[in-house]
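1. structural data only, the sequence is not supplied:
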């Protein structure tokens, strides 16, 4: 077991859980002309994230370590600023771009740690998540153009 791989996985779990919460807030509170499209997009994103965080936490357990838990602990670990409930649709999308970019950076760290530790399974998991978040960032940025 590599402590750096476990640490990276725990960080990605915290980031992912924080992003679920932020995306859910945006889903609930989005308003304006883009309501229908963003409401649906945000729901698809948080649903996908919820399934992903379970797989990430189970990978930690498969490595005989414990997954982080507790909302305050996860939020502290993630360090992702919370969006204001009354944010505009544009601000929500900008916020989610930033949060996804933070997660992307931590996924890259996790991928690199796993590669160094010759943990192909974790490296593969990180690569798959990187692809999802790169696409999400592209889609959110496309909305902003």
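-> Sure thing, it's come through. Here the structure is a predicted model, which is why all the values come from computation and not from measurement. Numbers count the residues shown, from 1 in each chain.
2. can you give the distance of the helix or strand hosting residue 36 from its chain's centre?
-> According to DSSP states H and E, residue 36 maps onto helix 35-62. Here helix 35-62 shows a centroid-to-chain-centroid distance of 8 Å under the convention C-alpha atoms, centre = their mean, to the nearest Å.
3. my guess is residue 12 contacts residue 106. True?
-> Yes - Residue 12 is in contact with residue 106 according to C-beta atoms under 8 Å; the separation is 5.5 Å. All C-beta spots, glycine's among them, are computed from the backbone N, C-alpha and C.
4. number of residues surrounding residue 69?
-> By the criterion of other C-beta atoms under 10 Å, residue 69 has 11 neighbours.
5. any idea how far it is from residue 112?
-> Look at residue 69 and residue 112: by C-beta to C-beta, to the nearest Å, they are 25 Å apart.
6. ditto for residue 70
-> Taking C-beta to C-beta, one finds residue 70 at 28 Å from residue 112.
7. tell me the contacts of the residue lying farthest from the centre of the chain?
-> No residue in the chain sits farther from the centre than residue 33, which is 26.4 Å out by C-alpha atoms, centre = their mean. By C-beta atoms under 8 Å, 6 or more residues apart in numbering, no residues touch residue 33.
8. look at it and give its secondary structure.
-> Judged by DSSP: H, G, I helix; E, B strand; the rest coil, the three-state class of residue 33 is coil.
9. just the strands from the protein, written as ranges.
-> Here the chain has no strands by DSSP state E.
10. now the residue nearest to the spatial centre of it. Nearest residue, chain neighbours left out?
-> Centrality entry for the chain: nearest residue to the mean C-alpha point is residue 16, 3.1 Å, by C-alpha atoms, centre = their mean. Here the nearest residue to residue 16 in space, its sequence neighbours aside, is residue 53; by C-beta to C-beta, 6 or more residues apart in numbering that works out to 4.4 Å.
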